[in-house]
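Engineer: show me the folded form of this:
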Amino acid sequence: PVLLTSPDRLTPPDPWRAVQAARDPARPTTLDYLDTAFDGCTELHGDRLGADCPAIVAGLARLGDRPVAVIGHQKGHDTGELRARNFGMPTPAGYRKAQRVMRLAARLGLPVVTLIDTPGAYPGVAAEEQGQAGAIAESILLMAGLPVPVVAVVTGEGGSGGALALAVADRVLMLSGAVYSVISPEGCAAILWHDPAAAPRAARALRLTAPDVLRLGVVDAVIPEPSGGAQSDPLAAADLLRRAVDEALTPLLAVPAAQLVRQRRSRFRSFGTPDGPARPASAGTPGPEGRR
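Structural biologist: Below is the predicted model of the structure:
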């Protein structure tokens with residue numbers, strides 16, 4: 001097994017250093033993983049309303065012999081690519097493109113795999129005028145009801161609602177060098193202490209590292225990275241991601257669609273409750289909502 005499900009097997013990193021490492025431009029991007037961890041990807045463009053957000057990559061691919069739909073945030077490795085991809089911050093058109101591919105996957109009966117690496121949705125005036133909040137909400141609603149298995153992987157920076165819009169999944173995984181939080185450390189520091197320089201303090205308070213998030217039950221398992229991080233050996237990182245997604249996805253294929261949806265909704269509704277997140281049920285076993 002590739003997936004680590006016990007926080008005690010992970011070495012807790014310094015939170016602020018973990019944030020900086022997760023933002024390293026050398027880390028593999030969604031397009032890198034499509035070239036290495038997946039096979040035969042056909043990228044689909046456009047939201048069918050007139051725009052094609054470059055911060056979201058979506059299409060059909062194969063995971064081994066299994067056809068899947070893959071959707072992910074795309075940053076870049078240099079300044080030019082980062083600017084061209086809007087630093088991985090999607091506009092409403094990006095989330096509409098993702099929704100289009102999700103609906104296609106549902107019609108074709110294909111599992112959905114999402115790769116998450118964004119500081120958050122694009123906060124510009126134009127994005128707000130075009131319905132940014134509504135696009136994120138529509139994506140969350142759509143994913144909650146998809147009748148196919150969904151596996152999400154936080155590969156780098158999982159920030160705010162921009163990340164959650166692709167993370168409503170049956171299994172949520174996280175690379176050991178990634179971070180996942182409700183807000184960026186800089187944003188948290190500016191709100192709570194009116195001082196962006198307090199970002200390291202905010203990072204510690206947010207509990208955003210892989211061991212913390214796994215202990216909280218926000219992710220189901222952690223994928224180990226090569227020594228030195230995914231950027232040190234992208235091919236080895238891609239192999240680990242491929243094996244982990246396959247390990248998480250295979251049991252879900254045997255679960256009826258209605259049960260998948262019940263368990264997925266039950267899991268996310270349990271966040272913030274006294275009992276905490278619902279533990280994933282094994283294949284063929286109803287979750288808490290399915291037993292009611």
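Engineer: where exactly do the strands run in the stretch 101-250 of the chain?
Structural biologist: All strands of the stretch 101-250 of the chain, identified by DSSP state E, counting those that start in this stretch, fall at 112-118, 150-159, 171-175, 179-181, 221-223.
Engineer: mind checking which of those strands is nearest residue 213?
Structural biologist: Closest approach to residue 213 among these (CB to CB): strand 179-181, 5.0 Å. In this view, the C-beta of every residue, glycine as well, is placed from N, C-alpha and C.
Engineer: before we move on, the earlier item: would you list the strands of the stretch 101-250 of the chain in JSON lines and tack on mean neighbour count and distance to residue 39?
Structural biologist: Rendered in JSON lines, the data for the strands of the stretch 101-250 of the chain read as follows (neighbours: other CB atoms under 10 Å; distance: least, CB to CB, whole Å):
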{"stretch": "strand 112-118", "mean neighbour count": "28", "distance to residue 39": "13"}
{"stretch": "strand 150-159", "mean neighbour count": "28", "distance to residue 39": "17"}
{"stretch": "strand 171-175", "mean neighbour count": "26", "distance to residue 39": "20"}
{"stretch": "strand 179-181", "mean neighbour count": "27", "distance to residue 39": "27"}
{"stretch": "strand 221-223", "mean neighbour count": "25", "distance to residue 39": "19"}
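Engineer: tell me, how many residues neighbour residue 16?
Structural biologist: The tally of other residues near residue 16 (other CB atoms under 10 Å) stands at 17.
Engineer: quick check: pLDDT value at it.
Structural biologist: Residue 16 is assigned 96 on the pLDDT scale.
Engineer: next up, the contacts around it.
Structural biologist: 185, 199, 200, 203, 204 (CB atoms under 8 Å, 6 or more residues apart in numbering).
Engineer: could you redo the last one with a cut-off of 6 Å?
Structural biologist: For residue 16, the contacting residues are 200, 203, taking CB atoms under 6 Å, 6 or more residues apart in numbering as the criterion.
Engineer: same question, residue 150
Structural biologist: Contacts here follow CB under 6 Å, 6+ apart; on that basis residue 150 touches 112, 169, 170.
Engineer: returning to what we had before: now the strands of the stretch 101-250 of the chain as CSV including distance to residue 56?
Structural biologist: Formatted as CSV, the entries for those read as follows, by distance: least, CB to CB, whole Å:
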stretch, distance to residue 56
strand 112-118, 9
strand 150-159, 14
strand 171-175, 18
strand 179-181, 18
strand 221-223, 22
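Engineer: including mean pLDDT, could the ones you listed go into CSV?
Structural biologist: Putting the strands of the stretch 101-250 of the chain into CSV (pLDDT from 0 to 100) gives the following:
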stretch, mean pLDDT
strand 112-118, 96
strand 150-159, 95
strand 171-175, 96
strand 179-181, 95
strand 221-223, 95
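Engineer: of all those, which one is nearest residue 258?
Structural biologist: Distances from residue 258 to each of the strands of the stretch 101-250 of the chain were compared using CB to CB; the shortest belongs to strand 150-159, at 14.6 Å.
Engineer: could you tell me how far the closest one lies from the centre of the chain?
Structural biologist: Relative to its parent chain, strand 150-159 has a centroid offset of 2 Å by CA atoms, centre = their mean, to the nearest Å.
Engineer: neighbouring strands of it in the sheet, and parallel or not?
Structural biologist: Paired strands of strand 150-159, with direction, are strand 112-118 (parallel), strand 171-175 (parallel), strand 179-181 (parallel) (DSSP bridges).
Engineer: of the ones you listed, which is nearest residue 227?
Structural biologist: Judging the strands paired with strand 150-159 by CB to CB, what sits closest to residue 227 is strand 171-175, at 13.6 Å.
Engineer: what does the closest one contact?
Structural biologist: Strand 171-175 has contacts (CB under 6 Å, 6+ apart) with 151-155, 210, 219-223, 225, 248.
Engineer: JSON lines please, covering the strands paired with strand 150-159 and showing distance to residue 264.
Structural biologist: Output for the strands paired with strand 150-159, formatted as JSON lines (distance: least, CB to CB, whole Å):
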{"stretch": "strand 112-118", "distance to residue 264": "12"}
{"stretch": "strand 171-175", "distance to residue 264": "10"}
{"stretch": "strand 179-181", "distance to residue 264": "18"}
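Engineer: out of those strands, nearest to residue 59?
Structural biologist: Each of the strands paired with strand 150-159 has some distance to residue 59 by CB to CB; the shortest is strand 112-118, at 11.1 Å.
Engineer: which ones are touching the one residue sitting closest to the centre of the chain?
Structural biologist: Averaging the C-alpha coordinates of the chain gives a centre point, and the residue nearest to it by CA atoms, centre = their mean is residue 116 (3.3 Å). Shown in contact with residue 116 (CB under 6 Å, 6+ apart): 154, 158, 163, 166, 167.
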